[in-house]
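the following comprises the amino acid sequence and a computationally predicted model.
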Amino acid sequence: MHVFDPIPNIFIDFGFFVWYKYSLMILLGIITATLLGLREGKNLGIKQNDILDGLIIIVPIAILGTRLWYVAFEWERYAWDIVKILSITDGGLAIHGGFVTAIIAAYFYTKARKIDILRVFDIITPGFLIAQAFGRWGNFFNQEAHGGVIGGVKDGIENYSLDEQRAFLSETLHLPDFITNNMYLYGPDGLNYYHPTFLYESIWNLTGFLIMLILRRTKFLRSGDLLPFYLIWYSVGRFFIEGMRTDSLYIGDTQLRTAQITSLVMIVLGIGFIVFSRLVLKPKRYAKILEENRI
């Protein structure tokens, strides 16, 4: 018989104050992105104070954006209830909203500080990917953002037995027990083992992040190129992984998943930005900027 207690999702509980692992993972992602951004910012000639000031302004705006994006596509649940809309601790964040608001905020911030926005994009986008990789582990502790039943369900009956479902996770994917055990949960199709889509996306984001680190030390990369790379890389992975999830946001009463439509738009924008950058902006090579700021 398969009986497992879920991993506690509370990090610290003082009674009057509860700190959930979900917010802990988001915080760790932000801290990691900040430290990496400060290091690369120096290489790109951006002052540390400008980065930290931007962080103070842009991060809260981005968090608000993640909430408002989610609320917009779940409007029937909130309908002008300001208290419910602002109750972020009740759940309901959508990363696409955070990314869009962060880019808009960064644009106005860099204009005010007279900072090259393309270089800021080169700092922000790797940070976004690594922060998102951390954030998906917050979903793991909450037992959310998972896929369907391992093996699927037909006519209300699981195609795999529980032992076969577990074997897929532990023997085919070679996942450690703490992940496999926590994927045994009550989902839309009852108590079963569900696909760890949080893990699939986390690995995809981490891989993209590592590729970015390699790309920005190559000779062919130009300033600003990491933005379209992010738009395309993240969106391709998100499009396919989103199709496996059971908790997607939908556009109205349609069967169109918001994240998939947004991903397609972001891929088109990414390709368009590459063309625009090469033909119109004609930015410096990334390696050239590093050379100019080398001490």
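Arrived safely, thanks for sending.

buried residues, the helix or strand that contains residue 266. List them.
Residue 266 is part of helix 258-276 when elements are defined by DSSP states H and E. With burial defined by 16 or more other Cβ atoms under 10 Å, the residues of helix 258-276 counted as buried are 258-263, 266-267, 269-270, 273-274. Heads up, the C-betas are built off the backbone N, CA and C, glycines and all.

tell me the one among those residues nearest to residue 219.
The nearest member of the buried residues of helix 258-276 to residue 219, counting by Cβ to Cβ, is residue 274 at 17.2 Å.

that closest one reaches residue 225, doesn't it?
Yes. Using Cβ atoms under 8 Å, residue 274 is in contact with residue 225, at 7.3 Å.

joint contacts of those two?
Common neighbours of residue 274 and residue 225 are not found (criterion: Cβ atoms under 8 Å, 6 or more residues apart in numbering).

chain center to the helix holding residue 266, what's the gap?
Here helix 258-276 is found 16 Å from its chain centre; the criterion is Cα atoms, centre = their mean, to the nearest Å.

give me the contacts around it.
Applying Cβ under 8 Å, 6+ apart, the contact partners of helix 258-276 are 73, 94, 96, 224-225, 227-232, 234-236, 238-239, 242-243, 248-251.

secondary structure element holding residue 53?
Using DSSP H and E, residue 53 falls in helix 48-72.

what helices or strands is that helix leaning on?
Counting contacts by 3 or more Cβ pairs under 8 Å, 6 or more residues apart in numbering; DSSP states H and E, helix 48-72 packs against helix 21-43, helix 82-86, helix 95-113.

and the residue nearest the centre of the chain, its phi and psi?
The residue lying closest to the centre of the chain (Cα atoms, centre = their mean) is residue 132, at 3.2 Å. Dihedral angles of residue 132 (phi, psi; degrees, to the nearest 10) stand at phi -70, psi -40.

next one: residue 68 from residue 19, what distance?
Distance of residue 68 to residue 19, computed by Cβ to Cβ, to the nearest Å: 24 Å.

again with residue 135
From residue 135 to residue 19 the distance is 16 Å (Cβ to Cβ).

compare those two (neighbour count), which wins?
residue 135 (27 against 13; other Cβ atoms under 10 Å).

what helix or strand does the more buried one sit in?
Per DSSP H and E, residue 135 falls inside helix 117-141.

any chance of a markdown table for the helices and strands packed on helix 48-72, columns mean pLDDT?
Formatted as a markdown table, these follow (pLDDT from 0 to 100):
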| stretch | mean pLDDT |
| --- | --- |
| helix 21-43 | 94 |
| helix 82-86 | 78 |
| helix 95-113 | 95 |
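
closest one to residue 287 among those helices?
Nearest of the helices and strands packed on helix 48-72 to residue 287, taken as Cβ to Cβ: helix 21-43 at 10.7 Å.

in that closest one, what counts as buried?
By 16+ other Cβ under 10 Å, the buried positions in helix 21-43 come out as 21-22, 24-30, 32-34, 36-37, 40-41, 43.

residues in contact with that helix: which ones?
Applying Cβ under 8 Å, 6+ apart, the external contacts of helix 21-43 come out as 8-11, 47-48, 50-52, 55, 59, 122-124, 126-128, 130-135, 137-139, 141-142, 216, 290, 293-294.

quick one: low-confidence ranges for this protein?
Scanning the chain with the threshold set as pLDDT under 70 gives 1, 89-90, 295.

domain map for it?
Domain assignment for the chain by automatic domain parsing gives 10-147+196-293, 149-195.

between those domains, which one is nearest to residue 3?
domain 149-195 (8.6 Å).

buried ones in stretch 232-249?
For stretch 232-249, by 16+ other Cβ under 10 Å, it's 232-239, 241-242, 245-246, 248-249.

out of those residues, who's nearest residue 82?
residue 249 (20.6 Å).

any idea how far the closest one lies from residue 47?
39 Å.

ditto for residue 200
Going from residue 200 to residue 47 by Cβ to Cβ gives 38 Å.

do residue 97 as well
Noted for residue 97: a distance of 29 Å to residue 47, by Cβ to Cβ.

residue 168 now?
50 Å.

more crowded one of these two?
Of the pair residue 168 and residue 47, residue 168 is the one with more neighbours under other Cβ under 10 Å, namely 17 against 12.

next, that one: phi, psi?
Residue 168 adopts backbone torsions of phi -60, psi -40, taken as degrees, to the nearest 10.
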